[in-house]
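> Sharing a model that was predicted from the sequence below.
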Amino acid sequence: MTNRVRTRFAPSPTGYMHIGNLRTALYGYLFAKANKGDFLLRIEDTDQKRYVDDAVEFIQNTLKAANIIPNEGPDIGGDCGPYIQSQRMDIYKKYAEELIESGHAYRCFCNDCSEEQHSMQEAGDAKSFGGYNRACRDLDQSVIDQYLAEGRPYVIRQKMPLDGEVTFHDVVHGNITIACDTLEDQVILKRDGMPTYNFANVIDDHLMNISHVFRGTEFITSTPKHVLLYQYFGWEPPVFIHLPPVMGKNPDGSISKLSKRHGATGFSQLVDMGFLPEAITNYVALLGWSPKSEQELFSMEDLMNKFSLDGLSKSPAVFDYNKLDWFNSEYFKAMDAAEFARESKAFGGIIAETLGEKWEYLALLLQTRIHRFNEIPDQIGFFKELPSYDIDLYNNKRNKVTPEKAAEIIPLAIDIINKIEKWTPEGIDDILQPAIADSGIKMGTFMWPIRIALSGQKVTPGGVTELLYLLGKDESIHRLNCGLDKIK
RNA sequence: GGCGCGUUGGUCAAGUGGUUAAGACUCCGCCCUCUCACGGCGGCUUCAGGGGUUCGAAUCCCCUACGCGUCACCA
């Protein structure tokens, strides 16, 4: 037995990667890498009802996009395979029977107890599970043999101690003690031969030499059952790290576990909205973990170097789309301009297409102005078509512009612009700037009506020069004339 | 309901008996400026409540409140 750090991400294959799951995967991965260990992917598909086609592939693609690279897993292979639980049924069966041999588990033939128990709970009486699922504990061997011979279906249940308590250590919460009489004789092998999570998880974590288990706090209460299993087998339990849930904020101000109604909660949905994978990972890493320094921007490599268990927080964190926006915009600003232009182009749609090589120029203007790619269409819509606008937009108090004033300025602007030969940002400025200076009109005053006429809106990416350049000479003059007509 | 876990500004958070209780996001104001954005500067807002322990508590103990989780042949 080595002391090598080995962690795992063990999702069930639903075709979706919740941001909370991603964080669990990330922390396990970072911890493994920070300690020169291994990170593996294991698919927990023991619930056939829940199985979703292509989900395994989806998970792998998501991890890849998030730059979380397993050392072992379904596609990669490794010494502890197979890494898909449905392909390990023989293993679970063998260990379950071993437990029966040693007296720590038993076959339960009582078909209806689970349903009966379930309805009891719903009726609000959760206290007395023992009366049902323990009925088969002490069946005579002869009876068992007879049932088996009849081919009666059964499940295998783990025998819990009737009294005493189990204490285990959790890295983020410290020691946790739970009384055994709150533990039911849980099913470890289902009627269809599949193991339950609580069993397969223990077997696989042991067989795969997992040293540290990262999972959500929802498993805290079932951990004593796992600990008991480790004891029964004489195995060393792993180190437990139970992560608090990621929350979302409701309209009324209350918080609850992050879900669809809070907005996009899947990694791929966030990517579709135009968030950069690195920004998402960066943000998520800090949601529940603190580097205990003022640094906030981390590359994956940075995270690997700095991640440590003592920065994990024990209380739930609210997912904040504002902060994600901020992270993403920081990543935008740090991007190479050409790369940003390339990555953003798809979101520019038809406008980006028609702009041709001018797209790079527009993209540069956008780069410091947007938080995520999907803000692009709103930013640039006016390039394609001049929106209908109210002439009230020509009023601007600070620059002392009114529609009447605009009607004086626009003809001047048209004259000047007509004289421009070299249609580049520099060429435009070379003519425009001195001409405005000569006119005796203040810069802000002169520019305001032009911006409005050109864009139909008072806020635009870039200034008038940029607008002129991107729109082209003919279109610019056309829009200026339209503006003039509109005022009159 | 039983059991378990949690609670520092609107949000993420540092803080482990003595601090003016960091920093970031958001919001607001100012500067820069042909709009916006970027950048710079500044501001608002916090230790859930109540008891202890202590010369001294965000930090230690107890109680209360609130929130969350769990009590499946789901994970």
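Received the coordinates, thanks.

> for chain A, where's the lowest mean pLDDT among helices and strands?
Using mean pLDDT, DSSP states H and E, the weakest-scoring helix or strand in chain A turns out to be helix A:113-122, at a mean of 43.

> For RNA strand B, what is the nearest residue in chain A?
Residue nearest to RNA strand B within chain A: A:Gly463 (2.7 Å; C-beta to the nearest atom of the strand). Heads up, the C-betas are built off the backbone N, CA and C, glycines and all.

> ok, the residue lying closest to that residue once chain neighbours are set aside to A:Asn395 distance?
Among residues not flanking A:Gly463 along the chain, A:Met447 sits closest, at 7.1 Å (C-beta to C-beta, 6 or more residues apart in numbering). Per C-beta to C-beta, to the nearest Å, A:Met447 is found 15 Å from A:Asn395.

> can you tell me the helix or strand for the residue in chain A sticking out farthest from the centre?
Distance from the centre of chain A peaks at A:Asp438, with 56.0 Å (C-alpha atoms, centre = their mean). Element membership of A:Asp438, judged by DSSP states H and E, is helix A:425-439.

> got a list of what the residue nearest to A:Gly463 touches?
A:Met447 makes contact with A:399, A:436, A:463-464, according to C-beta atoms under 8 Å, 6 or more residues apart in numbering.

> buried subset of those residues?
Using 16 or more other C-beta atoms under 10 Å as the burial test, the contacts of A:Met447 include A:399, A:436, A:464 as buried.

> Serialize those to TSV and add fields for distance to A:Ile487 and pLDDT.
Below are those laid out as TSV (distance: C-beta to C-beta, whole Å; pLDDT from 0 to 100):
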residue	distance to A:Ile487	pLDDT
A:Asn399	16	90
A:Ile436	20	95
A:Val464	18	97
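
> hey, where'd the strands end up in the stretch 301-450 of chain A?
All strands of the stretch 301-450 of chain A, identified by DSSP state E, counting those that start in this stretch, fall at A:317-318.

> Which residues of it lie near RNA strand B?
By C-beta under 7 Å from any atom of the strand, the part of the stretch 301-450 of chain A that sits against RNA strand B consists of A:310-311, A:313-318, A:320, A:322-323, A:325-326, A:329, A:333, A:368-369, A:429, A:443-444, A:447-448.

> let's go with 6 Å and repeat that
Within the stretch 301-450 of chain A, the positions near RNA strand B by C-beta under 6 Å from any atom of the strand are A:311, A:313-315, A:317-318, A:320, A:322-323, A:326, A:368-369, A:443-444, A:447-448.

> Looking at those, which one is closest to A:Asp485?
Using C-beta to C-beta, A:Trp448 is the member of these that lies nearest A:Asp485, at 18.2 Å.

> Contacts only, for A:Pro316.
If you count contacts by C-beta under 8 Å, 6+ apart, A:Pro316 has them with A:244-247, A:255.

> Give me the subset of those lying in strands.
Residues of those located in strands (DSSP state E): A:246-247, A:255.

> would CSV of those with distance to RNA strand B be doable?
Listed next are those as CSV, based on distance: C-beta to the nearest atom of the strand, whole Å:
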residue, distance to RNA strand B
A:Val246, 9
A:Met247, 7
A:Ile255, 6
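
> coming back round to it: gap between the helix holding A:Asp438 and the chain center?
Its chain's C-alpha centre and that of helix A:425-439 lie 49 Å apart, by C-alpha atoms, centre = their mean, to the nearest Å.

> Out of the contacts of A:Pro316, grab the one that's most surrounded.
Using other C-beta atoms under 10 Å as the neighbour test, these are led by A:Val246, with 24 neighbours.

> What's the local residue count around the residue nearest to it when sequence neighbours are not counted?
In space, A:Val246 comes closest to A:Gly20 once its chain neighbours are excluded; the distance is 4.2 Å by C-beta to C-beta, 6+ apart. Per other C-beta under 10 Å, the neighbour tally for A:Gly20 reads 23.

> need the contact list for A:Gly20.
For A:Gly20, the contact set (C-beta under 8 Å, 6+ apart) comprises A:216, A:245-246, A:258.

> Can you name the residues in contact with the longest helix seen in chain A?
Scanning chain A for the longest helix, with DSSP state H as the assignment, gives helix A:337-355. Applying C-beta under 8 Å, 6+ apart, the contact partners of helix A:337-355 are A:274, A:276, A:332, A:335, A:359-360, A:362-364, A:366-367, A:373-374, A:376-377, A:380-381, A:383-384, A:470.

> Any buried residues in it, and which?
Buried residues in helix A:337-355, counted by 16+ other C-beta under 10 Å: A:340-341, A:343-345, A:347-348, A:351-352, A:355.

> Now it: average pLDDT?
Averaged across helix A:337-355, pLDDT comes to 96.

> For it, list the C-alpha coordinates in CSV.
C-alpha atoms of helix A:337-355 as CSV (Å, rounded to 0.1, in the frame of the first residue of the first chain):
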residue,chain,number,x,y,z
ALA,A,337,-6.8,40.7,-29.7
ALA,A,338,-6.6,38.3,-32.6
GLU,A,339,-7.7,35.4,-30.5
PHE,A,340,-10.6,37.4,-29.1
ALA,A,341,-11.7,38.4,-32.6
ARG,A,342,-11.6,34.7,-33.6
GLU,A,343,-13.4,33.4,-30.6
SER,A,344,-16.1,36.1,-30.6
LYS,A,345,-16.9,36.0,-34.3
ALA,A,346,-19.5,33.3,-34.1
PHE,A,347,-21.5,35.5,-31.7
GLY,A,348,-21.3,38.4,-34.2
GLY,A,349,-23.4,36.5,-36.6
ILE,A,350,-24.2,38.0,-40.0
ILE,A,351,-22.7,41.3,-39.1
ALA,A,352,-19.4,39.8,-38.3
GLU,A,353,-19.5,38.0,-41.7
THR,A,354,-20.3,41.1,-43.7
LEU,A,355,-17.7,43.2,-41.9
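
> tell me how far that helix is from the chain's mean position?
25 Å.

> before we move on, what about stretch A:320-333?
Centroid displacement of stretch A:320-333 relative to its chain, using C-alpha atoms, centre = their mean, is 14 Å.

> And for stretch A:9-23?
9 Å.

> go on, stretch A:329-341?
Its chain's average C-alpha position is 21 Å from that of stretch A:329-341, according to C-alpha atoms, centre = their mean.

> Just the terminal-to-terminal distance for it.
Stretch A:329-341 has an end-to-end distance of 14 Å (criterion: C-alpha to C-alpha, to the nearest Å).

> Kindly report the same for stretch A:211-228.
This stretch, stretch A:211-228, spans 17 Å end to end (C-alpha to C-alpha).

> and that stretch, which residues are buried?
Buried residues in stretch A:211-228, counted by 16+ other C-beta under 10 Å: A:211-216, A:219-220, A:223-228.

> Can you say which of the residues you listed are also within reach of RNA strand B?
Contacts with RNA strand B within the buried residues of stretch A:211-228, as defined by C-beta under 6 Å from any atom of the strand: A:Ile220.
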